[in-house]
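In: Provide a 3D model corresponding to the input given below.
(2 chains)
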2 protein chains.
Amino acid sequence: MTADLTIDLDRLMGRIAALGRIGALPGGGCKRLALTPEDAEGRALVTGWFRDLGLDVHTDVIGNCWAIRPGRSGGAPVVMGSHIDTVATGGLYDGVLGVLGGLEVIESAIQAGIETERPLAVAFFTNEEGARFAPDMMGSGVAQGGLDLDEMLAKVGIDGVSVAEALAAIGAAGSHPVGALAPDTYLELHIEQGPVLEAEGLAIGVVTGVQGISWSEITVEGQAAHAGTTPMALRHDAGLVAARIAAEARAIADAFGPPQVATVGRIALTPDLVNVIPERAVLTVDLRNTDEARLQAAEARLFAQAEAFAAAEGCRLSRRTLARFEPVAFDATLVDAVEAGAAALGLTHRRMPSGAGHDAQMFAPRCPSAMIFVPSQDGISHNIREYTAPAQIAPGVRLLAQVALARAGRVDQKGQTE
Amino acid sequence: MTADLTIDLDRLMGRIAALGRIGALPGGGCKRLALTPEDAEGRALVTGWFRDLGLDVHTDVIGNCWAIRPGRSGGAPVVMGSHIDTVATGGLYDGVLGVLGGLEVIESAIQAGIETERPLAVAFFTNEEGARFAPDMMGSGVAQGGLDLDEMLAKVGIDGVSVAEALAAIGAAGSHPVGALAPDTYLELHIEQGPVLEAEGLAIGVVTGVQGISWSEITVEGQAAHAGTTPMALRHDAGLVAARIAAEARAIADAFGPPQVATVGRIALTPDLVNVIPERAVLTVDLRNTDEARLQAAEARLFAQAEAFAAAEGCRLSRRTLARFEPVAFDATLVDAVEAGAAALGLTHRRMPSGAGHDAQMFAPRCPSAMIFVPSQDGISHNIREYTAPAQIAPGVRLLAQVALARAGRVDQKGQTE
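Out: Numbers count the residues shown, from 1 in each chain, chains lettered A, B, ... in the order given. Just a heads-up that it's a prediction; the model follows:
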């Protein structure tokens, strides 16, 4: 095995802190919504670092930015990337770690005199969060053909501004056509955004894919009536049906077992009075699974049971889909390489799916793609309390370097291709 | 049996309609909150009718108004009463029927030349609804010693005005001390405000008492976390605990059987987002039973199960009592008399508890008291759609006359005491 690349953790943490000062929030964390002036300032800072390192910087028409270090033999690059936009109450690590971690890999390789056969690139993609413009993962989706460019440029954000207008306003659009840059391999280092690694005391999550997501909004219509004078047998309690659906969602997750998860995050009752039987309940159900067939089975059971609960209570039920994404499986060979790399570096690790969406899933259909997770303190993300300690970040970057350099064909100073 | 008293249904319905025009709402129904100018106008209309009939009108210091027709032998009066204040979206019948029905009984008796040994009275009591000033049943409670006069006069309403100020503002306070008028018997005709009589096709509800009421607010504290990245085993889902409590409330009602009822009318989740596990849930539970021991058993099971659900999910639970009233049982002899009267008049009827609170429960500890229910269309009350047809009102008034005259010692024109 080749020697572990020595990274400069202080330099990386300094850059994460510097980027975090742009759009910084009073209590910590930061807000850099996609294509805002704060995002523009962040882009300028990061592309400045790219250029300082002598990388070839390419920006495409939807604002994705790619910085390439040429390889000895040319060909498609091995791309390390993620995003630098944040949600409104974002942390310093979500997305940023994958971009600045990739930059750190390239800079460390340059300083160590390590070259690669293939080009090695670091990139950030426009509007991964979807917090200003829906859908999320927009830039990577357009870059890889999963989303239509013109359709995305026309999307209007929460502030009434279109993607095209916002790109123009901050001068973020480049001249490169989307899809011109087809990666050989895509690798994304990211914080877990969940509690599993911390709970199990592990350094690395070898991400096998991204869970499929099913979001439903269920509306139950019953009949309002007096809580004191209406016998139980004559009730049409929409709130009770909602409660039973919420309990059923948990029962489904328990019955299916991991990685199935199920969450009822919203319940709204009408009229919402202590002594009136609810005439209306609106609730959301979030189901996720890495297996599409299992996810469909969970949906089928939930919807059938919901209908049964409503019918038993003499209520009407309607349902609409708020979001639906099929699961994405990462490239088996590349996932094996990540796992082998973790083992080679002596890092504790486990295979796990990603519960959240990431740019990597937009690359997965077109090129071998994979992700590396590092722990999130208390499993918290999309929150100003988001935190991963430097000592937890370092192993992730070392592993990213290990896998990226190997995929790109590492050539040490001795001139030998690995 | 004495001949049925002939009442003038058109006169009664005309008075109900006339009172309903005071504070009338655009879509129907009316709003005469206690001690407002609308209430003052209603009081003036009704006391005008009392005086037109030559009754002795007494108003006490909290605005309860009593109109007495003397009896041949004197003694404590048989009082028929209820209230003429309404909720903000009130109907035309709630309370009003008991007052104007009582007035109709007295006027019909006068016209038929029927006298009584004891005085016969009709009364309305201040702020039965509690919609402007808490607590409800205030006037009757003060009149019967269940509530303290000075404490009630100091109560401040939803508009920042005290009861004493509101009484003064509309000149509703009289000079009679509270408690001076101790009834021999209290009888209250009221709409059911529930669906039972309509569902069973019955004319009369013989009310056996008022359910005890237990209102609790339960707060569950869990931990917010990402719906996608947090394994089920690591969750502390406050919303799930709330859902289980709501389902348990129904299970308790089912297990205990009638007259136990249980309602979860409010559920509020925090942060109330589709993809975030709720960190906080606040819900209300309304439990009612006519038997105090059963009500306590229902509370005990609910609270114990709630604690168990919270503990199983790793959540904390706290609870506060919003309201708690013990059940009231009406006088058995008087209830028997109401039932016998219904049978004698050939009216279909059933015994039933009242699910809602009424002035009668404030009289019950001090004198024989009972209530007569007539059907509510669709069980609806406290709503502008509240409705009871004239043909459903007439039997109630006839039965009220039957029982009141008998209790007061009916003396027909022939001079024979019944």
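In: closest to the centroid, which residue in chain A?
Out: Central residue of chain A (CA atoms, centre = their mean): A:H358, 3.0 Å from the mean position.
In: for the residue in the stretch 251-400 of chain A that chain B sits nearest to, grab phi and psi.
Out: Scanning the stretch 251-400 of chain A for the residue nearest chain B gives A:G355, at 3.1 Å (criterion: CB to the nearest CB). All C-beta atoms are positioned from the backbone trio N, CA, C, and that covers glycine. As for A:G355, its main-chain torsions (degrees, to the nearest 10) stand at phi -80, psi -20.
In: quick check, A:M80 in a helix?
Out: No: according to DSSP: H, G, I helix; E, B strand; the rest coil, A:M80 belongs to no helix; its state is strand.
In: surely it meets A:D184?
Out: No: using CB atoms under 8 Å, A:M80 makes no contact with A:D184, being 11.9 Å away.
In: for those two, indicate the residue with more neighbours.
Out: The residue with more neighbours, out of A:M80 and A:D184, is A:M80; 30 against 18, by other CB atoms under 10 Å in any protein chain shown.
In: dig out what that one forms beta bridges with.
Out: A:V122, A:L187 (DSSP bridges).
In: mind listing the strands for the stretch 51-200 of chain A?
Out: A:56-59, A:65-69, A:78-82, A:115-116, A:120-124, A:185-191 (DSSP state E, counting those that start in this stretch).
In: just the stretch 201-350 of chain A next, same as before
Out: Applying DSSP E, counting those that start in this stretch to the stretch 201-350 of chain A gives strands spanning A:204-210, A:212-221, A:225-226, A:261-263, A:267-270, A:276-277, A:280-289, A:316-325, A:328-329, A:349-354.
In: where does chain A have low pLDDT?
Out: Low-confidence segments of chain A (pLDDT under 70): A:1-3, A:414-418.
In: now with 50, please.
Out: A:1 (pLDDT under 50).
In: grab the nearest non-local neighbour of the residue with the largest distance to the centre of it.
Out: Taking CA atoms, centre = their mean, the residue of chain A most remote from its mean C-alpha position is A:T229, at 50.9 Å. Setting aside the residues directly before and after it, A:T229 is nearest to B:G194 in space (CB to CB, 6 or more residues apart in numbering or on different chains), at 2.7 Å.
In: give me the phi and psi for the one you found.
Out: Dihedral angles (degrees, to the nearest 10) for B:G194: phi -150, psi 180.
In: which residues does the residue of the stretch 51-200 of chain A found nearest chain B contact?
Out: Nearest residue of the stretch 51-200 of chain A to chain B, counting by CB to the nearest CB: A:G194, 2.7 Å away. Going by CB atoms under 8 Å, 6 or more residues apart in numbering or on different chains, A:G194 touches A:G355, A:A356, A:S376, A:G379, A:S381, B:A225, B:H226, B:G228, B:T229, B:T230, B:P231.
In: could I get the longest helix seen in chain A in CSV with only the CA atoms?
Out: Across chain A, the longest stretch assigned as helix under DSSP state H is helix A:292-312. Taking Å, rounded to 0.1, in the frame of the first residue of the first chain, the C-alpha atoms of helix A:292-312 are listed here in CSV:
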residue,chain,number,x,y,z
GLU,A,292,-37.4,0.6,-3.8
ALA,A,293,-39.6,-2.5,-3.4
ARG,A,294,-39.5,-2.3,0.3
LEU,A,295,-40.3,1.4,0.2
GLN,A,296,-43.3,0.7,-2.0
ALA,A,297,-44.4,-2.0,0.4
ALA,A,298,-44.2,0.4,3.3
GLU,A,299,-46.2,2.9,1.3
ALA,A,300,-48.8,0.3,0.4
ARG,A,301,-49.2,-0.8,4.0
LEU,A,302,-49.4,2.7,5.3
PHE,A,303,-51.9,3.9,2.8
ALA,A,304,-54.1,0.8,3.1
GLN,A,305,-54.1,1.0,6.9
ALA,A,306,-54.8,4.8,6.8
GLU,A,307,-57.9,4.1,4.6
ALA,A,308,-59.0,1.4,7.0
PHE,A,309,-58.7,3.6,10.0
ALA,A,310,-60.6,6.4,8.3
ALA,A,311,-63.3,3.9,7.2
ALA,A,312,-63.7,2.5,10.7
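In: just want the angle from that helix to strand A:212-221.
Out: Orientation check (axes from the mean of the first three to the mean of the last three CA atoms, to 10 degrees): helix A:292-312 against strand A:212-221 gives 10 degrees.
In: OK, contacts around A:A243?
Out: A:I267, B:A242, B:A243, B:R244, B:A246, B:A247, B:V264, B:I267.
In: who wins on neighbours among the contacts of A:G194?
Out: Busiest of these [other CB under 10 Å] is A:S376, holding 28 neighbours.
In: what's that residue sitting at in phi/psi?
Out: According to degrees, to the nearest 10, A:S376 has phi -110, psi 130.
In: so who does it touch?
Out: A:Y93, A:I191, A:E192, A:Q193, A:G194, A:P195, A:L197, A:E198, A:E386, A:Y387, A:T388 are the contacts of A:S376 under CB under 8 Å, 6+ apart.
In: write out the residues of the stretch 301-418 of chain A neighbouring chain B.
Out: A:L322, A:S354, A:G355, A:A356, A:G379, A:I380, A:S381, A:H382 (CB under 8 Å from any CB of the partner chain).
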